[in-house]
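A.B. asks: here's my sequence, what's the structure:
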Amino acid sequence: MSFFITKNLCRNEVSLLIVKSTITAPQQRQAVRSAHTVRVIVRADIPPKAYEGDILSVKAGFARNYLIPQKKVVYATRQNFEKFGLQDPDLETTEQRRDRLAKEASHGEDLDLKAADILKHYLRNKSLKLWRNADASTGSLTSGSVDAKYIRKKLSKQLRIDLEPHETITLRAEPVNHAELDHNPTELQSLIDALASDQASTTQVKQLGEFLACISLRGGYNIPLRVEVLKR
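C.D. replies: Here you go, the predicted structure:
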């Protein structure tokens, strides 16, 4: 699997940049390293996008300075493929490729569930804080508004979460009380289900307050996201 993500690795607050490889198979066989990226074998889960055994192309400097010293990956050399009993995707036969894809498909649902659980756990005590100019007396925003596109952008910068194109955000227009929802999981789930069923929504928030957004992932998993619109 190849991914492009920036992910906050829990307490370490480290950004992970994994880029989809544009190197052809012959080039990859000639050398593991390239001018911009290197291929690596993941040895420790890097949730929610990369897991042990994945073959990825990552920024060379990030691999060298963080991933390898932290023993999260090793370089994708022939010796390491043999050491860990893995097949190099660039060297596999048609039959081997078919078998590998079949195994990956059979485990896809489990990986989707694992990714959703990890993201939900990561966001459980976090809020996305958005600072906007607003009228002090009415709380109305005096410039711009908050919508799903803006939340996606800030989610990347503030919480280090880059969603893939198929992963969507739906925003609830009416304010909520986060503290109350924390003590009423049934109500929270009801609101999330309603948001998930309204993927075409173009909701815009134009006032200060606490709001709720839904992140919809592959496999039909929907994760709540707290949003706070605060006066700048």
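
A.B. asks: and the strands in this protein?
C.D. replies: Per DSSP state E, the chain has strands spanning 37-42, 55-59, 73-75, 127-132, 168-171, 209-217, 221-231. These are given in chain order.

A.B. asks: partners of the shortest one, with directions?
C.D. replies: Here the strand partners of strand 73-75, with direction, are listed using DSSP bridges: strand 37-42 (antiparallel).

A.B. asks: now the strand it pairs with and strand 55-59, what's the angle there?
C.D. replies: Angle between the axes of strand 37-42 and strand 55-59 is 140 degrees (criterion: axes from the mean of the first three to the mean of the last three CA atoms, to 10 degrees).

A.B. asks: what about strand 37-42, average pLDDT?
C.D. replies: Mean per-residue pLDDT for strand 37-42: 93.

A.B. asks: what's the answer for stretch 46-61, then?
C.D. replies: 83.

A.B. asks: repeat that for stretch 162-175.
C.D. replies: Summarised as a single mean, pLDDT over stretch 162-175 is 90.

A.B. asks: show me where pLDDT drops low in the protein?
C.D. replies: 1-35, 48-49, 100, 103-109, 200 (pLDDT under 70).

A.B. asks: all helices of it, in order?
C.D. replies: For the chain, the helices defined by DSSP state H occupy 25-30, 60-62, 78-83, 94-123, 148-159, 178-182, 185-196.

A.B. asks: out of those helices, nearest to residue 225?
C.D. replies: Checking the helices of the chain against residue 225 by CB to CB gives helix 94-123 as the closest, at 6.1 Å. No exception for glycine: its C-beta is placed from N, CA and C like everyone else's.

A.B. asks: which strands and helices sit next to that closest one?
C.D. replies: The contact analysis (3 or more CB pairs under 8 Å, 6 or more residues apart in numbering; DSSP states H and E) places helix 94-123 against strand 209-217, strand 221-231.

A.B. asks: any idea how far the residue located most distally from the centre of the chain lies from residue 208?
C.D. replies: Relative to the C-alpha centroid of the chain, counting by CA atoms, centre = their mean, residue 137 is the outermost residue, at 37.8 Å. From residue 137 across to residue 208, the span is 11 Å (CB to CB, to the nearest Å).

A.B. asks: ditto for residue 165
C.D. replies: Residue 165 sits at a distance of 31 Å from residue 208 (criterion: CB to CB).

A.B. asks: residue 191: what's it in contact with?
C.D. replies: 172, 176, 181, 212, 224 (CB atoms under 8 Å, 6 or more residues apart in numbering).

A.B. asks: the second one and residue 213 touch, don't they?
C.D. replies: I take that to be residue 176. No. The criterion here is CB atoms under 8 Å, and residue 176 misses it with residue 213 at 10.3 Å.

A.B. asks: looking at those two, which is more packed in?
C.D. replies: Between residue 176 and residue 213, counting by other CB atoms under 10 Å, residue 213 is the more crowded of the two (23 against 17).
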